[in-house]
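**Student:** Build me a structure from this.
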Amino acid sequence: MAIIKYAPFGGFETFPGLKAFEDTMNRLFVEPNGRPWVPPVDIRETENELVVKADVPDVKFEDIDVRLENGTLTLKGERKFEEKKEEGGWHRVERSYGHFERVFTLPDTVNPEGVKADYKNGTLTITLPKKEIAKPRQVKIQVSNN
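**Tutor:** Numbers count the residues shown, from 1 in each chain. I've put the predicted structure just below:
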């Protein structure tokens, strides 16, 4: 008898709009506290680059892994729960802890050389330069009057 992994929403791969829903529902079944932690991001495009900003408060720089591979940007890390043995107890724990992973498919216009990452005040900023051919340029066209 073969062992089959239970995937309650496994048939949704044919509907691209439901992929995010499937991922969320699967995480709810896997995460111990029922609330997976996914840091929010902002992605901005300028004439020369893409800039990704991720809010990762209380995450040490050493616990963040940024990879650019085969046109995919991956952010991984972990926010650890600081459980100290002190008098008293917690009244409320609303923030999520544990491992996180965000994966972004990048356009072909991104130049993998020269990617920079900066971590300051709990915000991770990744700057992805564009290739020269992807940058907009103006060409003056002569119009003849016949």
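**Student:** burial measure for G89, as a count.
**Tutor:** Counted by other CB atoms under 10 Å, the residues lying close to G89 total 5. (C-beta placed from N, C-alpha, C; glycine too.)
**Student:** ok, and the closest non-adjacent residue to F104?
**Tutor:** Here the nearest residue to F104 in space, its sequence neighbours aside, is L73; by CB to CB, 6 or more residues apart in numbering that works out to 4.6 Å.
**Student:** same check, this time on R67
**Tutor:** Leaving out its chain neighbours, the residue that sits closest to R67 by CB to CB, 6+ apart is T74, at 4.6 Å.
**Student:** and L75, what are its bridge partners?
**Tutor:** Beta-bridge pairing for L75 (DSSP bridges): V66, R102.
**Student:** wait, what's in contact with it?
**Tutor:** P39, V41, A54, I64, D65, V66, F100, E101, R102, V103, L124, I126 (CB atoms under 8 Å, 6 or more residues apart in numbering).
**Student:** Next, format those as a markdown table and append distance to S144, neighbour count and pLDDT.
**Tutor:** Listed next are the contacts of L75 as a markdown table, based on distance: CB to CB, whole Å; neighbours: other CB atoms under 10 Å; pLDDT from 0 to 100:
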| residue | distance to S144 | neighbour count | pLDDT |
| --- | --- | --- | --- |
| P39 | 57 | 21 | 91 |
| V41 | 50 | 15 | 95 |
| A54 | 53 | 23 | 96 |
| I64 | 58 | 18 | 93 |
| D65 | 58 | 11 | 94 |
| V66 | 53 | 16 | 95 |
| F100 | 60 | 19 | 91 |
| E101 | 58 | 13 | 92 |
| R102 | 53 | 15 | 93 |
| V103 | 52 | 10 | 93 |
| L124 | 54 | 21 | 96 |
| I126 | 48 | 22 | 96 |
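**Student:** Before I go, just wanted to say thanks for your time.
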